[in-house]
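Peer 1: Quick one: sequence and predicted model below, then my questions.
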Amino acid sequence: MTSMTSGKRMMVFAGTNNRELSEGIAQHLGIELGNIKISKFANGEIYVRYLESVRGADVFIVQSMCEPVNASIMELLIMIDAAKRASARTITAVISHYGYARQDKKSAAREPITAKLVADLLTVAGVDRVIAMDLHQGQIQGFFNQPVNHLTALPILADYFESLKMEDLTVVSPDVGRVKAAKKLADMLGATLAIMHKGRPEHNVAEITHVVGEVAGRTCIVADDMIDTAGSITEGAKALMNSGAKKVYVAATHGIFSGPAYDRIAEAPIAEVVVTNTLPVPDERRTGKIHVLSVAPLFAHAIQNVYNDESVSELFDPDFQL
């Protein structure tokens with residue numbers, strides 16, 4: 001639970017909703033997860049109590065804002081508040097998936113910017129730093145006045161696809177907003193780039209109207225940051241196959257898999273969907289087309305570097321140059 005360095009103490013605590021990732025992080029750090037009690041009152045209110053002293057410690061709280069999203073966020077806020085009131089020296093929220101990230105701007109009149117609201121809640125609760133992975137848009141970092149270390153799973157995804165030794169690769173961006181990230185993955189794999197034009201007549205409904213780039217006879221990897229209901233990727237896979245693609249893979253950091261996602265993936269012309277464990281994926285779903293990679297080593301390395309006051313961007317930012 002504790003790592004000591006020149007009088008400092010590192011303590012890592014886990015929320016309730018992604019135990020696999022939390023335990024993986026602790027294992028790579030060579031420590032045990034801290035002892036904490038998280039329970040609910042009869043009416044659903046969340047209760048948190050640290051069962052060991054955190055006074056003067058650098059506390060890292062690992063939580064994914066996954067389903068049930070609102071309860072996950074509230075649990076994280078209460079864990080931060082409890083650590084602050086217990087006199088932790090610093091509090092870092094290690095958020096593998098940031099909830100409400102898609103609501104990062106006003107797209108229509110009288111809409112909220114909920115990603116900013118979540119940042120404000122974390123700030124008021126008392127967080128000193130945030131470590132996050134593949135935010136829906138990078139500008140969410142600007143919603144915080146505290147440091148935000150923004151990690152990316154692209155190298156992990158790239159290593160996996162390199163291990164498959166595929167030829168004639170094209171990385172496909174599912175929309176214009178993901179072109180930069182898709183280009184980074186394409187460069188890592190030595191692949192060409194294509195872009196799909198996607199429209200959204202309503203939430204969680206996607207329409208692919210055009211494919212820009214050469215995909216005929218090529219193995220395509222559709223690269224996105226998250227898969228929710230899988231409407232975008234399944235429609236995209238159909239559009240690519242109709243354009244003559246040889247095979248379609250899908251790569252995403254966050255596998256949300258809401259509602260009909262699993263059924264859509266099973267029925268779609270997709271060879272494999274590769275996601276990470278930033279969100280929990282049930283064991284019974286990790287068969288057939290869905291493959292899950294662990295980001296625990298990446299988070300553990302980031303936590304260690306933050307704790308030791310070493311560079312994080314040097315290790316994980318694809319744009320960083322020595």
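Peer 2: Ah, there it is.

Peer 1: Name the surrounding residues that touch stretch 168-187.
Peer 2: Stretch 168-187 is contacted from outside by 137, 152, 154, 157-158, 161, 189-198, 211, 213-215, 217-225, 232-233, 236, 240, 245-246, 251, 318, using Cβ atoms under 8 Å, 6 or more residues apart in numbering. (Glycine included, C-beta is placed from N, CA and C.)

Peer 1: Could you list the low-pLDDT ranges of the stretch 1-150 of the chain?
Peer 2: Counting by pLDDT under 70, the stretch 1-150 of the chain has low-confidence residues at 1-6.

Peer 1: in it, which spans are strands?
Peer 2: 2-5, 8-14, 36-40, 46-50, 58-63, 90-95, 129-133, 148-151 (DSSP state E, counting those that start in this stretch).

Peer 1: Now do the next helix or strand along the chain from the last one: distance to the chain's middle.
Peer 2: Okay, so that is strand 148-151. Next helix or strand after strand 148-151 toward the C-terminus (DSSP states H and E): helix 154-163. Computed by Cα atoms, centre = their mean, to the nearest Å, the chain-centroid distance of helix 154-163 equals 16 Å.

Peer 1: what comes up buried for helix 154-163?
Peer 2: Within helix 154-163, the residues that count as buried by 16 or more other Cβ atoms under 10 Å are Leu154, Pro155, Ile156, Leu157, Ala158, Tyr160, Phe161.

Peer 1: re earlier: got a markdown table for the strands of the stretch 1-150 of the chain, with distance to His28 and mean neighbour count too?
Peer 2: Shown next, in a markdown table, are these (distance: least, Cβ to Cβ, whole Å; neighbours: other Cβ atoms under 10 Å):
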| stretch | distance to His28 | mean neighbour count |
| --- | --- | --- |
| strand 2-5 | 12 | 13 |
| strand 8-14 | 11 | 22 |
| strand 36-40 | 20 | 14 |
| strand 46-50 | 23 | 16 |
| strand 58-63 | 12 | 26 |
| strand 90-95 | 13 | 25 |
| strand 129-133 | 14 | 22 |
| strand 148-151 | 14 | 21 |
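
Peer 1: Reformat the ones you listed into TSV and put distance to Leu21 next to each item.
Peer 2: Below are those laid out as TSV (distance: least, Cβ to Cβ, whole Å):
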stretch	distance to Leu21
strand 2-5	18
strand 8-14	8
strand 36-40	16
strand 46-50	19
strand 58-63	7
strand 90-95	9
strand 129-133	10
strand 148-151	13
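
Peer 1: Next one, pLDDT for Lys238 please.
Peer 2: In this model, Lys238 is scored at 92, pLDDT.

Peer 1: same question but for Ala245, I mixed them up
Peer 2: Reported pLDDT for Ala245: 93.

Peer 1: contacting residues for it?
Peer 2: Thr170, Val215, Ala216, Gly217, Arg218, Thr219, Cys220.

Peer 1: same question, Gly217
Peer 2: By Cβ under 8 Å, 6+ apart, the contact set of Gly217 is Asp168, Gly244, Ala245, Lys246.

Peer 1: helix/strand/coil for the third one?
Peer 2: This means Ala245. coil (DSSP: H, G, I helix; E, B strand; the rest coil).

Peer 1: gap between it and Asp120?
Peer 2: Ala245 is 43 Å from Asp120, where distance means Cβ to Cβ, to the nearest Å.
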